[in-house]
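**Student:** I need the structure of the sequence given here:
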Amino acid sequence: MGKLNDLLLVNFEVEKVYSEMIDDVNDDTLRDFFRERAIERNEFSKRINLEIEALGQTPERIGALSKNFYRLKSKFKNLTIVDNENDLIDEVFNLKQDSINKYNEVLMQPHLPLKLCKILVKQRDSIQATLRVLKREYAVVA
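**Tutor:** Now for the predicted structure:
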């Protein structure tokens, strides 16, 4: 359950970064993007939390955020201060790719219940779909 709890934390932290970006960006399209993605990650976190409980485990409560969160938050904040939309989109792209990798790590674990696998695949695919839109709309190159 360690990797599943890590995924829960990742979703929580990404939601928090996205939520904070809503007030920091000037572009309405980006503001809407961050709002929608924050809501999506909140739903992902709730669902993962429920699945951990359904497996008879106790989700690790998020008391202290990881060092990675503060680094990420700082990076996003700095990009909004200098109003660098292209670099901000690149960071969103990287964050989404990192999230997809985390999902894949969890999905590679043996003996995951089928119901949980389906939920995680659906969440991962949703992140990938947004990534494809970003690539197309902003011509982000990996």
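
**Student:** which other residues reach the least confident helix or strand in the chain by mean pLDDT?
**Tutor:** Ranking every helix and strand in the chain by mean pLDDT, DSSP states H and E puts helix 67-81 at the bottom, with a mean of 73. Helix 67-81 is contacted by residues 13, 16-17, 20-21, 24-25, 87-88, 91, 95 when judged by C-beta atoms under 8 Å, 6 or more residues apart in numbering. For every residue, glycine as well, the C-beta is placed using N, CA and C.

**Student:** Show me the residues you listed that map onto helices.
**Tutor:** Secondary structure from DSSP state H places 13, 16-17, 20-21, 87-88, 91, 95 of the contacts of helix 67-81 in helices.

**Student:** What distance do you get for the closest residue to Ser45 other than its chain neighbours to Ile127?
**Tutor:** Take Ser45 and drop its neighbours on the chain: the residue closest to it by C-beta to C-beta, 6 or more residues apart in numbering is Asn11, 4.4 Å away. Computed as C-beta to C-beta, to the nearest Å, the Asn11 to Ile127 distance reads 10 Å.

**Student:** Check Gly2 too.
**Tutor:** For Gly2, the distance to Ile127 under the criterion C-beta to C-beta works out to 21 Å.

**Student:** which of the two has more neighbours?
**Tutor:** The neighbour comparison of Gly2 against Ile127 (other C-beta atoms under 10 Å) goes to Ile127, with 21 against 9.

**Student:** Could you double-check that Lys3 sits in contact with Leu112?
**Tutor:** No: in this structure, Lys3 is not within contact of Leu112 by C-beta atoms under 8 Å, at 9.8 Å.

**Student:** Overlap in contacts, those two.
**Tutor:** Common neighbours of Lys3 and Leu112 are listed as Val106 (criterion: C-beta under 8 Å, 6+ apart).
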